[in-house]
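# With the sequence up front, the predicted model follows.
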Amino acid sequence: MTQLSEHLTSSSAAALSHSSELDGLRLTPHFSLEEMCKTKVNLKNVPNEAQVENLKRLCGWLEMLRDEWNRRYADVRCLKADGRCVGDEPIIINSGYRSEAVNKAVGGVSGSNHLTGCAVDIHVLGKEQAIRYACILLDIADESQEDFDELLIEQTSKSLWIHFAVRPFANRRKITIG
């Protein structure tokens with residue numbers, strides 16, 4: 001597997017100062033700042049530079065998850081109607097960075113890793129995909145010898161997702177399958 005640092009790209013501090021410029025700013029090749037800050041509530045949700053650095057670290061893991069998912073489970077011989085290879089399936093983000101106001105509005109817990117840009121909720125198509133994503137993330141941690149803070153399979157009566165968090169330090173490797 002590729003090292004985490006190979007998936008990180010730089011960003012301009014000037015671009016971060018203007019929320020209208022979130023659109024198109026890439027954190028890694030397949031993940032944008034806009035995608036990691038999207039929200040269903042109409043509140044300001046723009047991270048500071050430290051939070052963007054945390055998002056970059058997190059997106060490095062997501063890039064490796066995406067690469068490994070496609071390597072293991074996609075059939076690259078077939079093409080989709082839009083020209084993408086089946087082996088080029090995206091990782092879909094439900095929620096990434098949350099400001100205090102956004103976190104409160106969506107019912108997030110106080111002290112959430114989302115507040116620092118260290119957490120992401122990943123859309124899954126069902127329990128099998130959630131388990132496979134979790135296994136890949138555990139393999140990445142073992143092979144890279146880098147740790148994560150939380151790997152949680154969470155659900156409500158209507159949806160299922162993976163909550164994944166990576167802090168700059170003091171990662172706990174907390175795993176919960178709910």
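Everything's here; your move. Note that this is a predicted model, so its numbers are computed, not measured.

# buried stuff in the top helix by length along the chain?
The helix that spans the most residues within the chain, counting by DSSP state H, is helix 49-73. Across helix 49-73, burial judged by 16 or more other CB atoms under 10 Å covers 51-70. (Glycine included, C-beta is placed from N, CA and C.)

# average model confidence for that helix?
Mean pLDDT, helix 49-73: 96.

# and that helix, what does it pack onto?
On a contact count with 3 or more CB pairs under 8 Å, 6 or more residues apart in numbering; DSSP states H and E, helix 49-73 meets helix 13-16, strand 26-28, strand 31-32, helix 33-37, strand 119-123, helix 127-144, strand 160-165.

# need the next SSE after the last one, C-terminal direction.
Just to be clear, that refers to strand 160-165. For strand 160-165, the following helix or strand on the C-terminal side (DSSP states H and E) is strand 174-177.

# List the neighbouring strands of that following strand plus their orientation.
Paired with strand 174-177 in the same sheet, following DSSP bridges, are strand 150-155 (parallel).

# what's next to the strand it pairs with, contact-wise?
With CB atoms under 8 Å, 6 or more residues apart in numbering as the contact definition, strand 150-155 has outside contacts at 113, 119, 121, 127, 130-131, 134, 137-138, 160-165, 172-178.

# on that earlier part again, can the helices and strands packed on helix 49-73 go into TSV with extra columns for mean neighbour count and distance to Gly108?
Below are the helices and strands packed on helix 49-73 laid out as TSV (neighbours: other CB atoms under 10 Å; distance: least, CB to CB, whole Å):
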stretch	mean neighbour count	distance to Gly108
helix 13-16	12	22
strand 26-28	22	21
strand 31-32	21	20
helix 33-37	23	14
strand 119-123	22	9
helix 127-144	16	20
strand 160-165	21	11
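
# Switch these over to JSON lines; also include mean pLDDT and distance to Ile91.
Output for those, formatted as JSON lines (pLDDT from 0 to 100; distance: least, CB to CB, whole Å):
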{"stretch": "helix 13-16", "mean pLDDT": "38", "distance to Ile91": "23"}
{"stretch": "strand 26-28", "mean pLDDT": "96", "distance to Ile91": "11"}
{"stretch": "strand 31-32", "mean pLDDT": "96", "distance to Ile91": "8"}
{"stretch": "helix 33-37", "mean pLDDT": "97", "distance to Ile91": "10"}
{"stretch": "strand 119-123", "mean pLDDT": "98", "distance to Ile91": "6"}
{"stretch": "helix 127-144", "mean pLDDT": "97", "distance to Ile91": "8"}
{"stretch": "strand 160-165", "mean pLDDT": "98", "distance to Ile91": "10"}
